[in-house]
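**Q** With the input below, show me the fold.
(3 chains)
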Amino acid sequence: MITAGIDMGSRTVKVVLLESVHVDGAPQLKFAVKKTHIMMPGDLDPDQAAEKVYGDVLAGAGITRDQVSAVFATGAGRKQVAFATEGITEMTAGAKGANYMYPLGRTVVDVGAEEGRGMKTDELGRAIDFAGNEKCAAGAGSFAEAMSRALQMTLKEFGDASLQSDKTIPMNAQCTVFAESEVVSLIHSATPKNDIAKAVLDAVASRVCAMVRRVGIEGEVVLIGGMVHNAGFVQSLKNAMGVDKISLPDMPEYISALGCALIAAERQH
Amino acid sequence: MSSISVEVTAETVPAKKEFWRWQENVWIDETKDWKSAKIITCGIDVGSVSSQAVLVVDGELYGFNSMRTGNNSPDSATNALQGVMDKCGMTLKDIHYVVGTGYGRVNVPFAHKAITEIACHARGANYMGGNGVRTILDMGGQDCKAIHCDEKGKVTNFLMNDKCAAGTGRGMEVISDLMQIPIAELGPRSFEIDAEPDAVSSVCVVFAKSEALGLLKAGYTKNKVIAAYCQAMAERVVSLLERIGVEEGFFITGGIAKNPGVVKRIEKLLGIKAMETKVDSQIAGALGAALFGYTLMQKQAAKAA
Amino acid sequence: MIANYGYKDGSGEFYISIDTDKCIGCAAERACLNACPKQMFEIITDDYDDEVAWVKKPNCRTLAYDCSECKPASGYTSLPCMAACTPGAIKHSW
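**A** Below you'll find the predicted structure:
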């Protein structure tokens, strides 16, 4: 049986195709993924982008639409996916996907472009509690991205630079717009870029961590969403949460879409 | 003429005049002669974008100077005051009491006292608009204040938002940069449209910027996008005002007071027109500060008597 | 006077309001100062020369985050600061 999950984020659309197969008698899940960028000024509207990426991933896997039993959608733009069977919240999808990758995972942190949230999950990957900080750019990835632009670095360079610093400079500004001015004046006062990068990532980490604390930090911590690629952020988050280890899945941006596909498969039985 | 003897302990005196600085906006009441005054007080308001120095002579507005805040706050305070003192031949030792506000609360070395911008704005608005002023909105460069006061200009309810750029001058600058249109033109242009658009849905300036780009792509003219943005700012500011209670006697100060695109939309949402003022409302904070100084001087004189 | 400390941003409205009329001459011996686990309150002399409590400046900009531990995601029944302030001067907007 083949199911699909589609995560309509505020920046990118992620699709996961999931097929249940048996290899030597053991059930296995095989999946294919595809992502496309929809952030304005892109050339596609969200519903067009959903269509395109879904079509692309099906073509790439060599299957047709009617071979897919169900498509579940999540993300800020999930209502714009015309062909979705059902929509589920990012909390439900993220918890499921994270717990699948890390069965002992109980605290899930999802940091995307526009939202940072924390979920508590049970052993079956059900979100039993969650807290999020939405609609404020300072609480999520776009804050780090805006500051990296102010420092004229790529996000990766930015993350790596932050690892080179051991200082803790608190930022006064709590808004992306004000923080850009603060970063500029830090640059002018000859603060090393590494220290600025760390200050920025520490700031995002502390905001995300405050959200996670509302659900409580327990057991294995899993981080999902694009910020996993930012090693500096991961370190800042570990410091903020007071944990030594955070589980980092491969292809972290797809975990919520994977969760959708898994739940779609579960519900078909 | 009896003179008040008070100790004036200025810690630093403006040392040198800087001829390069431009005086943005200096005014002196030519009909008054400060030399025959009993009490001269001064208020200094250092903001993130502009700084004001106001002179109050025997409780009445005598002069002011408004100029851009430089990189150095203490210098801005000094320069602002020097600008207005030069215009009337006054020196620091002629001033009996100096009150600092805004960033000037910490950065005016020669101030005798610091008072918050909230109390100073209320007092200044009460002077400029009269004792009917009840609701004050100040949209500054990096903050937004909503204040409710009584007939004496005493604050009864307030909030100040300096966390979020929405509703501040910086928030407006973002759209000005995006559209590549000077900020002073944004207001008038927001009315050169065929129909009033809905506000952009985001409170957050960062997300509103993305929305604005989307609207352009969807065929909105630049003016219409600006209108949608101004409407969002007006709605956001009105929600701040509603928290402290809006009452007639509505007074607006700060840079955005000069942006009709936002002001007119606020008035429409509230169903209340903002009060007009003959004096530049940007001096409200510094004026209030100087008036506080005057009251303090009067109290000191009464005690001494 | 009602002093509202905090902010409104895209995520919501986060204000701690202090009714200074109830705060002057505190009948609770300033219990709020120690009740708050992050010690966000302090006593100041305000512009009208009254001694009242306020929220410390740096905390005003991060209220949603600073108060998060007293407000778990599943809802809260009482807050230490409000419980300590028996005159009822302290209120939270969320």
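**Q** Kindly report the residues of chain B close to chain A.
**A** Proximity of chain B to chain A, by Cβ under 8 Å from any Cβ of the partner chain, involves residues B:142, B:163-165, B:170-171, B:174, B:202-207, B:210-211, B:213-214, B:216-217. In short, each C-beta sits where N, CA and C put it, glycine included.
**Q** Sketch out the low-pLDDT regions of the chain for me.
**A** I went with chain A, as the question did not name one. Scanning chain A for pLDDT under 70 picks out A:21-28, A:32-44, A:269.
**Q** ah, I was thinking of chain B
**A** Scanning chain B for pLDDT under 70 picks out B:1-24, B:104-105, B:305.
**Q** can you list the domains in it?
**A** For chain B, the structural domains run B:25-120+B:282-304, B:134-274, going by automatic domain parsing.
**Q** can those go into JSON lines with extra columns for mean neighbour count?
**A** As requested, those are arranged in JSON lines below (neighbours: other Cβ atoms under 10 Å in any protein chain shown):
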{"stretch": "domain B:25-120+B:282-304", "mean neighbour count": "22"}
{"stretch": "domain B:134-274", "mean neighbour count": "21"}
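**Q** Same list (the ones you listed) but as TSV, adding distance to chain C.
**A** Formatted as TSV, these follow (distance: least, Cβ to the nearest Cβ, whole Å):
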stretch	distance to chain C
domain B:25-120+B:282-304	4
domain B:134-274	4
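**Q** Put together JSON lines for those, with distance to residue A:205 on each row.
**A** Output for those, formatted as JSON lines (distance: least, Cβ to Cβ, whole Å):
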{"stretch": "domain B:25-120+B:282-304", "distance to residue A:205": "27"}
{"stretch": "domain B:134-274", "distance to residue A:205": "18"}
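**Q** of those domains, which approaches residue A:229 most closely?
**A** Minimum separation from residue A:229 across those (Cβ to Cβ) falls at domain B:134-274, 20.8 Å.
**Q** who's in contact with the host helix or strand of residue A:69?
**A** Per DSSP states H and E: residue A:69 is located in strand A:68-74. With contact meaning Cβ atoms under 8 Å, 6 or more residues apart in numbering or on different chains, strand A:68-74 is reached by A:1-8, A:17, A:50, A:54, A:58, A:81, A:83-90, A:92-93, A:256-257, A:259-261, A:263-265, A:267-268.
**Q** Just the buried residues of the residues you listed.
**A** Buried by 16 or more other Cβ atoms under 10 Å in any protein chain shown: A:2-8, A:17, A:50, A:54, A:58, A:81, A:84-85, A:87-90, A:92-93, A:256-257, A:259-261, A:263-265, out of the contacts of strand A:68-74.
**Q** Just the ones of these in strands?
**A** If you go by DSSP state E, the buried ones among the contacts of strand A:68-74 have A:2-8, A:17, A:87 in strands.
**Q** Out of the residues you listed, which are close to chain B?
**A** Near chain B, judged by Cβ under 8 Å from any Cβ, there are no entries from these.
**Q** Widest-spaced pair of those?
**A** Pairwise distances across these (Cβ to Cβ) peak at 20.1 Å, for the pair A:2 and A:8.
**Q** In a helix, residue C:42, correct?
**A** No. Assessed with DSSP: H, G, I helix; E, B strand; the rest coil, residue C:42 is strand; it does not lie in a helix.
**Q** which residues touch it?
**A** By Cβ under 8 Å, 6+ apart, the residues touching residue C:42 are C:33, C:53-54, C:56.
**Q** Point me to the residue of the stretch 51-200 of chain B nearest chain A.
**A** Here the stretch 51-200 of chain B gets closest to chain A at one residue, residue B:165, 3.6 Å apart by Cβ to the nearest Cβ.
**Q** Leaving out the residues flanking it, which one is nearest to that residue?
**A** Closest residue in space to residue B:165, ignoring its immediate chain neighbours: residue A:177 at 3.6 Å, by Cβ to Cβ, 6 or more residues apart in numbering or on different chains.
**Q** If you tally nearby residues, what's the number for residue C:57?
**A** By the criterion of other Cβ atoms under 10 Å in any protein chain shown, residue C:57 has 11 neighbours.
**Q** Just read off the phi/psi values of residue 66.
**A** I'll assume chain A. Main-chain torsions, residue A:66, degrees, to the nearest 10: phi -70, psi -10.
**Q** distance of it from residue A:20?
**A** Using Cβ to Cβ, to the nearest Å, residue A:66 is found at 17 Å from residue A:20.
**Q** Determine which member of these two has the greater number of neighbouring residues.
**A** Counted by other Cβ under 10 Å, residue A:66 and residue A:20 do not tie: residue A:20 has more neighbours, with 13 against 6.
**Q** if I've got this straight, that one is in a helix?
**A** No. Applying three-state DSSP, one finds residue A:20 to be strand, outside a helix.
**Q** you'd agree it is up against residue A:261?
**A** No. In this structure residue A:20 lies outside contact range of residue A:261 using Cβ atoms under 8 Å: 10.4 Å.
**Q** quick revisit: do I have it right that the residue of the stretch 51-200 of chain B closest to chain A meets residue B:172?
**A** No. The criterion here is Cβ under 8 Å, and residue B:165 misses it with residue B:172 at 9.3 Å.
**Q** Okay, and the beta partners of the spatially most central residue of chain C?
**A** Using Cα atoms, centre = their mean, the residue of chain C that lies closest to the mean C-alpha position is residue C:16, 4.5 Å off. Using DSSP bridges, the beta-bridge partners of residue C:16 come out as residue C:5, residue C:92.
**Q** so who does it touch?
**A** C:4-6, C:55, C:63, C:67, C:81, C:90-93.
**Q** Pull up the residues of chain C that are close to chain B.
**A** Residues of chain C lying close to chain B by Cβ under 8 Å from any Cβ are C:1-10, C:13, C:15, C:46-48, C:60-62, C:93.
**Q** at 10 Å instead, please
**A** Counting by Cβ under 10 Å from any Cβ of the partner chain, the positions of chain C adjacent to chain B are C:1-15, C:17, C:19-21, C:46-48, C:57, C:60-64, C:93.
**Q** From those, list just the buried residues.
**A** C:1-11, C:13-15, C:17, C:19-20, C:46-47, C:60-64.
**Q** follow-up on the earlier one: shared neighbours of residue A:20 and residue A:261, anything?
**A** A:2-3, A:29 (Cβ atoms under 10 Å, 6 or more residues apart in numbering or on different chains).
**Q** Enumerate the residues of chain A near chain B.
**A** Contact residues (Cβ under 10 Å from any Cβ) of chain A with chain B: A:10-11, A:39-43, A:45, A:114, A:134-139, A:142-143, A:145-146, A:172-181, A:185, A:188.
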